[in-house]
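*Asks:* Using only what follows, build the 3D model:
(chains A and B)
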There are 2 protein chains.
Amino acid sequence: MRATRFFISTLKEAPADAEIVSHKLMMRAGMIKRLGSGIYNYMPMGLRVIRKVEKIVREEMDRSGAIEMLMPVVQPAELWQETGRWQKYGAELMRVKDRHGRDFIIQPTSEEAITDVARQEIKSYRQLPINFYHIQTKFRDERRPRFGLMRGREFTMKDAYSFDRDLDGLKKSYQTMYDAYIRIFNRFGLQFRAVAADNGAIGGTGSHEFHVIAETGEDALVYCPTSDYAANMEAAEALSLFSERQAASQALTKTATPGKAKCEDVAELLNIPLQNTVKSIVLTVETEEKDKVTKQVWLLLIRGDHELNEIKASKVPGLANYRFATEEEIVEHFGTKPGYLGPVNTKLPVKVVADRTVAMMGDFVCGANEEDFHFTGANWGRDLPEPMVADLRNVVAGDPSPDGKGVLAIQRGIEVGHVFQLGTSYSEAMKATFLDENGKPQILQMGCYGIGITRILGAAIEQNFDDKGIIWPTAIAPFEVVICPMGMEKSPAVKEQAEKLYADLLAAGVDVLLDDRDLRPGSMFADWELIGVPHRVVIGDRGLKEGNLEYKGRRDAEASNVAVAEMFSFLTAKLQAKQI
Amino acid sequence: MRATRFFISTLKEAPADAEIVSHKLMMRAGMIKRLGSGIYNYMPMGLRVIRKVEKIVREEMDRSGAIEMLMPVVQPAELWQETGRWQKYGAELMRVKDRHGRDFIIQPTSEEAITDVARQEIKSYRQLPINFYHIQTKFRDERRPRFGLMRGREFTMKDAYSFDRDLDGLKKSYQTMYDAYIRIFNRFGLQFRAVAADNGAIGGTGSHEFHVIAETGEDALVYCPTSDYAANMEAAEALSLFSERQAASQALTKTATPGKAKCEDVAELLNIPLQNTVKSIVLTVETEEKDKVTKQVWLLLIRGDHELNEIKASKVPGLANYRFATEEEIVEHFGTKPGYLGPVNTKLPVKVVADRTVAMMGDFVCGANEEDFHFTGANWGRDLPEPMVADLRNVVAGDPSPDGKGVLAIQRGIEVGHVFQLGTSYSEAMKATFLDENGKPQILQMGCYGIGITRILGAAIEQNFDDKGIIWPTAIAPFEVVICPMGMEKSPAVKEQAEKLYADLLAAGVDVLLDDRDLRPGSMFADWELIGVPHRVVIGDRGLKEGNLEYKGRRDAEASNVAVAEMFSFLTAKLQAKQI
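*Replies:* This is a model prediction of the structure:
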């Protein structure tokens, strides 16, 4: 490509509404252009990156045996009513009526559409396993779209759906996709991590997320550097920090803690470690029976320095539909306001659940259910009944790994892929069956597998940038090599060398851009450093006199001279070696 | 591709709602699958064709210098309000509200979005000319979706938009696109015709449609076999059939024609040629001034055997906003009902417009403005005033070509492409300007250029099918070659030959499918004839014993034997020569 035949549009300053580095840099590099809130034009420079991402995804999906098709953007509401998602999906589902008043949705995902295909097309076990995928425009009406392509409303996703005859088959299909994802993210040239994830409300039997590692990532990834253990924060298991109950050595004592409603303040006042305190969280579960609503109060206990994991709480039997209690409910039940609550002498009925670590603590400090007072020296069994025990908290760095093979570390990531064993939730709702060897109908086992194509761009940049701009991995860079001739219009020697190298690289299948805009060196270099092309060749009269061209990798601190005759093989060797 | 790794799903019968052959065959061949009214899943077999169509379009657009980008499917209503299309587009425009109640549309086309890009990005004449295109999902909420991909609601279109500094530039950009379209349609391997088209309501300065020739086409294409003249029916110019006024030889005579309201019946009754009669069409134009509505009655005259061209009528000065008069209005003004109207002794005020041919007629027959009576022997000047003259009728086969180089012929076509000189209608409404050499802002000149990607599939089939199924041109066939081994599982010799030919063709870059489903020959052949793969190789033990494989082109009446050793070069030669 020649720059003058392409569209290059860079900005010195990012627009004010761009909050994060990838959004700023994509706007400045002219990769995307805002059309509306969370809706972007993919400009020519950005589209090249998207196409390269799509190509890698497509090749590896095909290699895994998945079959490409294309489902529509606009889908009839009836299908979504069959699975109940028409009601459940909430405001993120973009709903639209046609001229006859019939309801449709703009697809955020395609489980319903593919299950509709499957229930018509899959008749026999002989057709299984099968995996369909498509790469298609999606829409989610985010409440607050932001961060450019990271949390846009319209975006491109690759979503695949596997169909199997049984759970063993599903697990195999799932593993095939997992392996394909590993190849895909390796080919992108990004640092990533696959982590076990929570299966969420939909049930299912297994799930992993694929995250691009980046300090700015929204998600905390938990992993064990000395083993294979990796999970997201929602799913990472927190073991007790004590293998046995800590001994009681103090008497239960009601202690004045005026105005100290937080564990941190109580610990400071009493001059004890925060780790000796326990915080109380009150939940309410309402059950409706024969038009009568019953409320059950729950008290969850977490060590003062730990955090509640809301997903784990919802998995405690009886807490599936919990909500946090209101201050009124708390005062009504406990007779005091939040900050002074505790499990000792608590008004019944209340269900107490202690985190695994709390359940092993002795001599702990907790609220006295009286304003401005806490108990110290509280001990299970002696001062209060043994609690129900559950894993309720987020892990922290240094916790023991659940596999017993080390201690946990935490890093930040951006979720860009997800593989999920759906099981039969959609196929049952939509009656998608096949006939087994005995001619008996059986429910199809499903898996779903997504990659956020456009999100990859944002994530790649969050991982790879410097103060000059983006640093694309070569595999997904808009161009692999840029040739920058200095004064091409004035110097026939420069022009000749530039055209020759350009032609040679093109012929070798290299994705090269010749910058024939005849700009000043400073502007030209700034453009390509901002846009993030990994390999740059500068051709100037001075270097040519000494028989040299100048090479600079996007991450290199300094440019280096390469003999004119060697530049072609120098570059192709670099590309072959996948440097950068 | 191996059949067992792909998804093949053929039907013996087409669904009842499939009305035309391409719809039936695409459903039967498992290329598309209905998801909702006018909304289709593109199944794996159909998607392969779409991708080939897209690739050819993309390559030729790139070659023409157009630059690919991607505009969103969901676009803010504000842009459409700026151009007035939010109001004007009517019910075909799919409108949608987001969670905040803001209005959006699902794009049927992208003039507004690209003009929004242009007014921000194009600052100087130095950036011109430029042409952006995208290949994107479109939605038009057709009142009655039908004919499969021919008149669906969701479809894929390539739309390009050129920006120029002046009309000369626009004409050059337009010609570049026209030439690219010629290359594209040639590469598809389809018979097509480019015809001049009417510019429609939007104005503009020139427009051509590209039609795939097919007897089942909705549109009539007018062309001159002995010259370059070609236009669609709306735009084809009808000359007068007489170079001078026909002489008067009869007296004007009021003649009883009881119950004969049609020209055909009058001609039969009077035993004269239909070509001697003139039919009268009454139009009404309402104009509103100072809250007062004024009605003007127009009488349009067409020869009895001709048809009114409504587009041409709207171009008569004063008739831009005409409507057909109601029967009440006709009776009120003419004192008689339709069928007996005419231009002689007509109550004023009425404006009479005669078609060019009618204006040259003598001794013609027309209604007498009295029920059950016509005039015979009517002559211009003598019996009634000279009329206003205009081209009002559709041409018919045999008419003189407007370029004077022969006579016109008519064939049917399916519109699959359109190039259009928009001029400044969008850029003015949206204030899209650039600075010229003198630093003065100038309005951008725009062109737009569409190709109905998915519609191409339907049109290609309407042109190429037989009673067995589809006959794809090789360039857009789902597979170029299918290898059908007979009894592959039982015969090692068959298997070996099939695998060898498959591997050789794959290595040569041929898009080949190996049908390893081990079906009976009849089913296997029927599948591939229905799907329409252009080249078929059958490998069987009997042939192998004689050293032969069997070849059959999809259009061949009989299969022919080709020596095993020669089949590879036989096939690659056929593909090279673009046979079929």
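
*Asks:* In the longest helix seen in chain A, which of the residues would be classed as buried?
*Replies:* Secondary structure of chain A per DSSP state H: the longest helix is helix A:167-188. By neighbour count with 16 or more other Cβ atoms under 10 Å in any protein chain shown, helix A:167-188 contains the buried residues A:169-171, A:173-174, A:176-178, A:180-181, A:184-185, A:187-188. (C-beta placed from N, C-alpha, C; glycine too.)

*Asks:* repeat for stretch A:285-294
*Replies:* Neighbour-count burial for stretch A:285-294 [16+ other Cβ under 10 Å]: A:Val285.

*Asks:* Please verify my assumption that A:Gly413 contacts A:His211.
*Replies:* Yes. Judged on Cβ atoms under 8 Å, A:Gly413 makes contact with A:His211 at a distance of 2.9 Å.

*Asks:* Which member of the buried residues of helix A:167-188 is positioned nearest chain B?
*Replies:* Comparing the buried residues of helix A:167-188 against chain B with Cβ to the nearest Cβ places A:Thr176 closest, at 12.9 Å.

*Asks:* what residues are up against the closest one?
*Replies:* Neighbouring residues of A:Thr176 by Cβ atoms under 8 Å, 6 or more residues apart in numbering or on different chains: A:Ser64, A:Gly65, A:Asn131.

*Asks:* just checking, A:Leu575 touches A:Val510?
*Replies:* Yes. At 6.5 Å, A:Leu575 counts as touching A:Val510 under the criterion of Cβ under 8 Å.

*Asks:* Now do the shared contacts for the two.
*Replies:* When contacts are counted by Cβ under 8 Å, 6+ apart, the set common to A:Leu575 and A:Val510 consists of A:Glu480, A:Val481.

*Asks:* If you average the pLDDT over stretch A:186-195, what comes out?
*Replies:* Stretch A:186-195 shows a mean pLDDT of 96.

*Asks:* The closest residue to chain B within the stretch 351-500 of chain A sits in which helix or strand?
*Replies:* Going by Cβ to the nearest Cβ, chain B is nearest to A:Thr454 of the stretch 351-500 of chain A, at 9.8 Å. Per DSSP states H and E, A:Thr454 falls inside helix A:453-463.

*Asks:* who does that helix touch, helix- and strand-wise?
*Replies:* Where contact means 3 or more Cβ pairs under 8 Å, 6 or more residues apart in numbering or on different chains; DSSP states H and E, helix A:453-463 is packed against helix A:21-28, helix A:44-63, strand A:154-164, strand A:206-213, strand A:409-423.

*Asks:* which outside residues touch that helix?
*Replies:* With contacts defined as Cβ under 8 Å, 6+ apart, helix A:453-463 is touched by A:20-23, A:25-26, A:31, A:42, A:46, A:49-50, A:53-54, A:57, A:135, A:147-150, A:152, A:155-158, A:188, A:190-191, A:212-217, A:414, A:416, A:470, A:472-473, A:476, A:532.

*Asks:* what do you get for stretch A:536-547?
*Replies:* A:481-487, A:491, A:493-494, A:497-498, A:501, A:521, A:525, A:528, A:549-554, A:559, A:561, A:563-565, A:567, A:571.

*Asks:* Mind listing what's buried along it?
*Replies:* Buried residues in stretch A:536-547 (16+ other Cβ under 10 Å): A:Arg536, A:Val537, A:Val538, A:Ile539, A:Gly540, A:Gly543, A:Leu544.

*Asks:* now the helices: where do they sit in the stretch 401-550 of chain A?
*Replies:* In the stretch 401-550 of chain A, the helices defined using DSSP state H, counting those that start in this stretch lie at A:425-429, A:453-463, A:492-507, A:521-531, A:541-545.

*Asks:* looking at the ones you listed, which is buried most?
*Replies:* Highest mean neighbour count among these (mean count of other Cβ atoms under 10 Å in any protein chain shown): helix A:453-463, with a mean of 26.

*Asks:* now the buried residues of helix A:167-188 in TSV, with distance to A:Gly36?
*Replies:* Below are the buried residues of helix A:167-188 laid out as TSV (distance: Cβ to Cβ, whole Å):
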residue	distance to A:Gly36
A:Gly169	43
A:Leu170	40
A:Lys171	42
A:Ser173	38
A:Tyr174	37
A:Thr176	39
A:Met177	34
A:Tyr178	36
A:Ala180	34
A:Tyr181	32
A:Ile184	30
A:Phe185	31
A:Arg187	33
A:Phe188	29
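
*Asks:* between these, which is closest to A:Ser124?
*Replies:* Using Cβ to Cβ, the shortest approach to A:Ser124 within the buried residues of helix A:167-188 belongs to A:Gly169, at 14.1 Å.

*Asks:* Please give me every residue in contact with that closest one.
*Replies:* A:Leu128, A:Pro129, A:Gln445.

*Asks:* hey, where'd the strands end up in the stretch 301-450 of chain A?
*Replies:* With DSSP state E, counting those that start in this stretch as the criterion, the stretch 301-450 of chain A has strands at A:323-324, A:351-355, A:364-370, A:373-378, A:388-390, A:409-423, A:433-435, A:441-443, A:445-452.

*Asks:* And the helices of the stretch 401-550 of chain A: which comes nearest B:Phe375?
*Replies:* The minimum distance between B:Phe375 and the helices of the stretch 401-550 of chain A falls on helix A:453-463, with 72.4 Å, by Cβ to Cβ.

*Asks:* Against chain B, how distant is the closest residue in space to A:Ala220 that isn't next to it in sequence?
*Replies:* Excluding its sequence neighbours, the residue lying closest to A:Ala220 (Cβ to Cβ, 6 or more residues apart in numbering or on different chains) is A:Met233, at 4.3 Å. Counting by Cβ to the nearest Cβ, to the nearest Å, the separation of A:Met233 from chain B is 28 Å.

*Asks:* From A:Leu190, how far off is A:Met233?
*Replies:* Distance of A:Met233 to A:Leu190, given as Cβ to Cβ, to the nearest Å: 21 Å.

*Asks:* Of those two, which one has the most company?
*Replies:* A:Leu190 (23 against 18; other Cβ atoms under 10 Å in any protein chain shown).

*Asks:* Neighbours of the residue nearest to A:Asp116 when sequence neighbours are not counted, how many?
*Replies:* Leaving aside its sequence neighbours, A:Asp116 sits nearest to A:Leu79 (Cβ to Cβ, 6+ apart; 5.6 Å). The local packing of A:Leu79 (other Cβ under 10 Å) involves 20 other residues.
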